[in-house]
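**Student:** how would this look folded up:
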Amino acid sequence: MEDLKRRLRDAAAAHAPDRDGMLERVRHGMSRTPRPGPRTARPLSWPRVTLATLASTAALVAGGYTIASTVQTNHPGREAATITAAPAPPSTAFGAPTPSAPPAPPRTQDGPLRSDGAVDPHINAYWSQSNITLQTGAPLDALTLEVRIAQTGGVASTGAWRTLPEGDFTLTTADEGGTLTYRWTLKPGRTVPPGQHVFAVQYNHAPGSRAVTADAYTATATTTTGAPHTVTGTFRPAPSATG
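**Tutor:** Numbers count the residues shown, from 1 in each chain. This next block holds a predicted model:
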């Protein structure tokens, strides 16, 4: 028995694994090996099993595997190596896109500036008017009012008016990406006095009751003291309408 152990140690020390040669012999053997059929197992001698185990272990180490641990078997003088492959890197998880933030809610009061929006009750099945009432408790030396009427079908401007002097404002009307936009801008050197002021936009639309849920307005103003204020809101439908 001692002579066998010595021979095994000498064989293991002299063994120099040839990885390329081993892989080539394995591929060659697999291509020529027929499908195994029923056969009687042939007992292997202990030296042959031990040498085969050493050769397999050397091939695995040369192929990039690692020997994780060595455990003792129930047979004295025999060791079995447990072979494990290197762990794969963890995969990257991608989260769901963050939903867009909801639009800001209406803000109809900011400091001395207040606002209210409503559809005029004197409308018909083909024409509408939307009113914006601005109330300021302080003089304004800058004011821009933007009114956005959604293009719900056949929407086209028929005019606009305000209770303040016409010459104090510049008015523009434009179709902007499915929205009819009216924009009043106070001219330089003009002032909006304290009080309640009405702005109105008029437009045709497709026959029938028109929904106003997508219509909105925004007013930005600066008092004579330099303080900025902004109000924004939507329009209440006319009493007889269901928009």
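**Student:** who does the host helix or strand of residue 115 touch, helix- and strand-wise?
**Tutor:** Here residue 115, judged by DSSP states H and E, is contained in strand 113-119. Counting contacts by 3 or more Cβ pairs under 8 Å, 6 or more residues apart in numbering; DSSP states H and E, strand 113-119 packs against strand 127-136, strand 216-223, strand 228-233. Heads up, the C-betas are built off the backbone N, CA and C, glycines and all.
**Student:** looking at these, which is closest to residue 195?
**Tutor:** strand 127-136 (7.1 Å; Cβ to Cβ).
**Student:** indicate each strand paired with that closest one and its parallel or antiparallel sense.
**Tutor:** Its sheet considered, strand 127-136 pairs with strand 113-119 (antiparallel), strand 195-204 (antiparallel) by DSSP bridges.
**Student:** could the helices and strands packed on strand 113-119 be laid out in TSV, adding mean pLDDT, distance to residue 108 and mean neighbour count?
**Tutor:** Output for those, formatted as TSV (pLDDT from 0 to 100; distance: least, Cβ to Cβ, whole Å; neighbours: other Cβ atoms under 10 Å):
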stretch	mean pLDDT	distance to residue 108	mean neighbour count
strand 127-136	98	10	20
strand 216-223	98	10	20
strand 228-233	98	5	18
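**Student:** would a markdown table of those with distance to residue 206 be doable?
**Tutor:** Below are those laid out as a markdown table (distance: least, Cβ to Cβ, whole Å):
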| stretch | distance to residue 206 |
| --- | --- |
| strand 127-136 | 11 |
| strand 216-223 | 20 |
| strand 228-233 | 25 |
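**Student:** ok, residue 179 - contacts?
**Tutor:** Listed by Cβ atoms under 8 Å, 6 or more residues apart in numbering, the contact partners of residue 179 are 148-151.
**Student:** what does the strand or helix carrying residue 148 rub up against?
**Tutor:** Remark: residue 148 resides in strand 140-150, with elements defined by DSSP H and E. Contacting residues not belonging to strand 140-150 are listed as 113, 130, 132, 134, 155, 178-186, 190-192, 199, 201, 203, 214-224 [Cβ under 8 Å, 6+ apart].
**Student:** stretch 159-178 too?
**Tutor:** Residues outside stretch 159-178 that contact it (Cβ under 8 Å, 6+ apart): 150-151, 157, 180-187, 190, 192, 197-202.
**Student:** in that stretch, what's buried?
**Tutor:** 160, 162, 164, 168-169, 171 (16 or more other Cβ atoms under 10 Å).
**Student:** buried members of the contacts of stretch 159-178 into PyMOL, please.
**Tutor:** In PyMOL syntax, the buried subset of those is picked out as below (16+ other Cβ under 10 Å):
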select buried, resi 150+157+180+181+182+183+184+186+192+197+199+200+201+202
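**Student:** on that earlier part again, so which of the strands paired with strand 127-136 is nearest residue 232?
**Tutor:** With Cβ to Cβ as the measure, strand 113-119 is the member of these nearest residue 232 (7.8 Å).
**Student:** would you mind giving the domain segments of this structure?
**Tutor:** According to automatic domain parsing, the chain comprises the domains 2-29+45-84, 109-233.
**Student:** tell me what angle the strand holding residue 148 forms with strand 127-136.
**Tutor:** Counting by axes from the mean of the first three to the mean of the last three Cα atoms, to 10 degrees, strand 140-150 points 150 degrees away from the direction of strand 127-136.
**Student:** what angle do strand 140-150 and strand 216-223 make?
**Tutor:** Using the same axes, to 10 degrees: strand 140-150 against strand 216-223 is 170 degrees.
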